[in-house]
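In: for reference, the sequence and a predicted model appear below.
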Amino acid sequence: MSSDDHIRREVERSLRQASDRQLVRVMGFIDRLPSRRIVEDIVERVRGRLAQVRPSRPLTFSRVLFLPLQDLLADPAQAAGNPWLVPRPMLGVVAALVRRGLPEPLAKSLTAVPPDRTMDDGDAVAGMGEALWPAAAAALRGFLLHGGDPVPGWQEGYRNRLDGVVQIYESALDITALLAQLPSRPMGMLTGEQETVALALLYSMRHVSDTVFRYCTTMLMRRTTEPSQIFRIMLDTDLDLPADQRDRMLAEAALECLNEIDGMNEDVGALAAHSVQTAADTTVRLVSLIESLENAPAAVKLDTKTLSATKARASKTIVRTFESTLSGEMRRTVSDLASRSDTTDDEVAAAEAVARSTRKIEMAGERLGLARHLEGVLEREFGTYRTLLLAKVRQSRGGAAGRGGGTGVSAVMDELRLIEILFGADAAMTIIQEAGGPG
């Protein structure tokens with residue numbers, strides 16, 4: 001087996017099994033590789049989790065270059081139906097064209113980044129972007145005007161999208177400065193001050209060009225879990241938009257939200273197999289999008305049948321995800337605690353985080369009217385958890401000390417806390433009573 005094959009196998013195994021905390025460490029290792037080419041397709045499979053976990057990433061030429069496009073990136077199939085998205089494979093083309101078109105002294109200075117800088121360093125990112133983004137616009141504009149040798153990955157269909165990317169880079173300093181004042185994705189309901197920033201982005205870009213305005217509208221819609229708030233901004237503010245153009249944009253934005261819900265719907269089940277926390281965050285965002293579309297202003301003219309079908313698919317996924325979480329990671333977590341007497345406070349805290357995330361999935365489902373279905377799942381699963389804990393109580397009374405030297409019910413107090421989070425106080429009390437009291 002070659003060295004590259006070994007690295008691929010180890011990275012794939014690590015990412016597949018990683019918790020959110022471990023995912024940060026694995027990505028740190030990947031970022032230190034001389035080249036990510038050999039594992040890029042593997043990283044692509046966890047991109048949804050990375051968006052939720054948001055580990056600190058090293059500051060690099062490519063990350064700063066692509067920052068203004070971040071909220072527009074999509075897989076090719078999704079981008080094919082929406083001209084205001086940028087297909088991910090196109091990034092390699094953009095990077096190659098920009099590098100080829102940059103003056104050599106500027107290219108050297110922009111790629112000589114101190115190794116200790118990260119993308120969390122806002123001043124460093126802004127300083128690099130101030131030099132890079134206008135230069136990138138000029139390099140890409142030069143290619144569109146004068147042509148040149150093709151670069152790897154070039155497709156003729158990229159030409160129109162590349163013109164839009166140029167316009168984004170030409171306004172990138174203003175766009176990124178305003179977006180930096182808004183919450184990252186997933187972006188919930190904006191405060192009054194944040195809503196003013198969102199309005200400033202739309203208003204200022206409306207006077208740049210229709211193209212940049214549409215891109216920025218798409219950025220906000222893809223960030224938010226509350227699309228109705230963005231709809232209201234567009235409806236209640238004088239953006240100097242003809243009514244027919246505004247209504248067409250609202251309808252297209254609503255359709256994009258529906259498509260995104262379907263994409264997230266496919267992701268949730270896969271996420272739950274690796275990280276309950278990330279699956280819970282994705283589920284909450286999915287439900288928030290559905291609720292917001294259900295409450296969308298009448299002017300949006302949303303297809304209610306399509307929304308109803310989308311909601312039904314999401315509801316089935318949430319029930320399946322909750323069931324698989326309870327019978328999977330959550331049950332393994334409780335089982336692990338119940339089988340040991342030496343768990344640390346950090347391990348108990350991590351177990352409680354998994355329980356709270358599982359409960360978060362349930363609460364999100366209840367918002368879609370799934371309470372009865374989810375209660376049925378809880379009733380079916382409770383017996384297994386009850387058996388695990390009663391077995392540990394009996395074992396502790398037979399002489400094996402529980403965590404902290406406890407016996408009887410006191411040996412399972414950490415696990416009972418998880419039961420309380422998941423099933424409620426009555427369920428925890430039932431186990432205590434069946435175990436014969438405090439012990």
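Out: That came through fine.
In: give me the phi and psi for P87.
Out: phi -60, psi 140 (degrees, to the nearest 10).
In: CA atoms only: put stretch 310-318 into PDB for me.
Out: Extracted in PDB, the C-alpha atoms of stretch 310-318 (Å, rounded to 0.1, in the frame of the first residue of the first chain):
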ATOM      1  CA  THR A 310     -41.400  19.000   1.600                       C
ATOM      2  CA  LYS A 311     -42.600  19.200   5.200                       C
ATOM      3  CA  ALA A 312     -43.900  15.600   5.100                       C
ATOM      4  CA  ARG A 313     -40.600  14.300   3.800                       C
ATOM      5  CA  ALA A 314     -38.700  16.200   6.500                       C
ATOM      6  CA  SER A 315     -41.100  14.900   9.200                       C
ATOM      7  CA  LYS A 316     -40.400  11.300   8.300                       C
ATOM      8  CA  THR A 317     -36.600  12.000   8.400                       C
ATOM      9  CA  ILE A 318     -36.800  13.600  11.800                       C
END
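In: which of the residues in that stretch are buried?
Out: Using 16 or more other C-beta atoms under 10 Å as the test for burial, stretch 310-318 gives 310-311, 314-315, 317-318. Every C-beta, even on glycine, is put in place using the N, C-alpha and C of the backbone.
In: in CSV: these, plus secondary structure, pLDDT and distance to A435.
Out: CSV is the format used below for these (DSSP: H, G, I helix; E, B strand; the rest coil; pLDDT from 0 to 100; distance: C-beta to C-beta, whole Å):
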residue, secondary structure, pLDDT, distance to A435
T310, helix, 92, 45
K311, helix, 93, 42
A314, helix, 92, 39
S315, helix, 94, 37
T317, helix, 91, 36
I318, helix, 93, 33
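In: now the residues you listed in CSV, with distance to T218?
Out: As requested, the buried residues of stretch 310-318 are arranged in CSV below (distance: C-beta to C-beta, whole Å):
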residue, distance to T218
T310, 19
K311, 23
A314, 22
S315, 27
T317, 25
I318, 27
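In: now do stretch 135-148, average pLDDT.
Out: For stretch 135-148, mean pLDDT rounds to 92.
In: do a quick rundown of the strands in the stretch 51-200 of the chain.
Out: Taking DSSP state E, counting those that start in this stretch as the test, the strands found in the stretch 51-200 of the chain are 73-74, 86-87.
In: list the helices and strands the last one packs on?
Out: Yep, that's strand 86-87 we're talking about. The contact analysis (3 or more C-beta pairs under 8 Å, 6 or more residues apart in numbering; DSSP states H and E) places strand 86-87 against strand 73-74, helix 76-80, helix 158-170.
In: ok, now the first one?
Out: Other helices and strands packing on strand 73-74, by 3+ C-beta pairs under 8 Å, 6+ apart, are strand 86-87.
In: tell me the strands beside the strand it packs on, with direction?
Out: strand 73-74 (parallel) (DSSP bridges).
In: which other residues reach the strand it pairs with?
Out: Outside strand 73-74, the residues that touch it by C-beta atoms under 8 Å, 6 or more residues apart in numbering are 66, 82, 85-88, 91.
In: PyMOL command for the buried members of the residues you listed?
Out: Applying 16+ other C-beta under 10 Å to these, the buried members can be selected in PyMOL as follows:
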select buried, resi 66+82+85+86+87+88+91
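In: could you dump the contacts of strand 73-74 into TSV and include distance to E366 and pLDDT?
Out: Below are the contacts of strand 73-74 laid out as TSV (distance: C-beta to C-beta, whole Å; pLDDT from 0 to 100):
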residue	distance to E366	pLDDT
F66	38	95
N82	32	89
L85	33	94
V86	36	95
P87	37	93
R88	35	91
L91	39	93
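In: pick out the most distant pair among the contacts of strand 73-74.
Out: Spanning the widest gap among those are F66 and N82, at 18.2 Å by C-beta to C-beta.
In: just to revisit the earlier point, tabulate the strands of the stretch 51-200 of the chain (CSV), appending distance to A280.
Out: CSV is the format used below for the strands of the stretch 51-200 of the chain (distance: least, C-beta to C-beta, whole Å):
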stretch, distance to A280
strand 73-74, 23
strand 86-87, 29
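In: low-confidence regions, the chain specifically.
Out: 1-7, 11-26, 28-56, 269, 271-274, 398-408, 437-439 (pLDDT under 70).
In: what's the closest of the contacts of strand 73-74 to M234?
Out: The nearest one, if we look at these relative to M234 and count by C-beta to C-beta, is N82, at 17.7 Å.
In: contacting residues around that closest one?
Out: By C-beta under 8 Å, 6+ apart, the neighbours of N82 are 74, 218, 256, 259.
In: from the buried residues of stretch 310-318, pick the one nearest R8.
Out: Of the buried residues of stretch 310-318, the one sitting nearest to R8 (C-beta to C-beta) turns out to be T317, at 30.2 Å.
In: surely the closest one meets A270?
Out: No: the criterion here is C-beta atoms under 8 Å, and T317 misses it with A270 at 10.6 Å.
In: find the helix or strand that E347 is a member of.
Out: Per DSSP states H and E: E347 is located in helix 345-367.
In: that helix: what's the following helix or strand?
Out: That would be, after helix 345-367 and using DSSP H and E, helix 371-397.
In: who are the packing partners of that next one?
Out: helix 304-327, helix 329-338, helix 345-367, helix 413-423, helix 425-434.
In: looking at those helices, which is closest to V197?
Out: helix 345-367 (27.5 Å).
In: would you put the C-alpha positions of that closest one in PDB?
Out: C-alpha atoms of helix 345-367 as PDB (Å, rounded to 0.1, in the frame of the first residue of the first chain):
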ATOM      1  CA  ASP A 345     -16.300  14.700  34.800                       C
ATOM      2  CA  ASP A 346     -15.400  15.600  31.200                       C
ATOM      3  CA  GLU A 347     -16.800  12.300  29.900                       C
ATOM      4  CA  VAL A 348     -20.100  12.800  31.800                       C
ATOM      5  CA  ALA A 349     -20.300  16.400  30.500                       C
ATOM      6  CA  ALA A 350     -19.800  15.000  26.900                       C
ATOM      7  CA  ALA A 351     -22.600  12.400  27.500                       C
ATOM      8  CA  GLU A 352     -24.900  15.100  28.700                       C
ATOM      9  CA  ALA A 353     -24.200  17.100  25.600                       C
ATOM     10  CA  VAL A 354     -25.200  14.100  23.500                       C
ATOM     11  CA  ALA A 355     -28.400  13.800  25.500                       C
ATOM     12  CA  ARG A 356     -29.300  17.500  25.100                       C
ATOM     13  CA  SER A 357     -28.700  17.300  21.400                       C
ATOM     14  CA  THR A 358     -31.000  14.200  21.200                       C
ATOM     15  CA  ARG A 359     -33.600  16.100  23.100                       C
ATOM     16  CA  LYS A 360     -33.100  19.100  20.700                       C
ATOM     17  CA  ILE A 361     -34.000  16.800  17.800                       C
ATOM     18  CA  GLU A 362     -37.200  15.800  19.600                       C
ATOM     19  CA  MET A 363     -38.100  19.400  20.400                       C
ATOM     20  CA  ALA A 364     -37.600  20.400  16.800                       C
ATOM     21  CA  GLY A 365     -39.800  17.600  15.600                       C
ATOM     22  CA  GLU A 366     -42.500  18.600  18.100                       C
ATOM     23  CA  ARG A 367     -42.600  22.000  16.300                       C
END
